[in-house]
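Participant: pasting the sequence and the predicted coordinates here, then a few questions.
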Amino acid sequence: MFWGDYRGTHYSALKQIDTTNVGRLQARWAAPIPGDSILEATPIVVDGIMYVTGSGNPLTVTALDAKNGRQIWRYTRQQPVKNPYENN
């Protein structure tokens, strides 16, 4: 969970990472978001697949293998009408 628990304490009871090994943590992979898009929401991981959404036009949803970042599929939906409240 992004903030550790439902109360947002930024604490996790997981035991795999502690003061003896935290310094060895490193990124395993990174995946680009297409176009000039930014992440729309916190990524969701289900059964080893990470789902990310990108804002902007077109709207994009991407499924990634959470172990290696390999793209499994991408869906893009064009927005037929510009939102009148959207900043230019």
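Facilitator: Okay, I see it.

Participant: ok, residues contacting stretch 47-57?
Facilitator: 31, 33-41, 43-45, 59-67, 72, 78-79, 82 (C-beta atoms under 8 Å, 6 or more residues apart in numbering). Backbone N, C-alpha and C define where each C-beta goes, glycine included.

Participant: swap the cut-off to 6 Å and go again
Facilitator: With C-beta atoms under 6 Å, 6 or more residues apart in numbering as the test, stretch 47-57 has contacts from 33, 37-38, 40-41, 43-44, 60-64, 66, 79.

Participant: quick check on Arg24: phi, psi?
Facilitator: Here is the backbone geometry of Arg24 (degrees, to the nearest 10): phi -90, psi 0.

Participant: please disregard the earlier target; I meant Trp73.
Facilitator: phi -160, psi 160.

Participant: likewise for the one 3 residues further on?
Facilitator: Dihedral pair for Thr76: phi -120, psi 130, per degrees, to the nearest 10.

Participant: ok, now how distant is it from Leu59?
Facilitator: 7 Å (C-beta to C-beta, to the nearest Å).

Participant: for Thr19, same thing?
Facilitator: Where Leu59 is concerned, Thr19 sits at a distance of 42 Å (C-beta to C-beta).

Participant: done for today, thanks.
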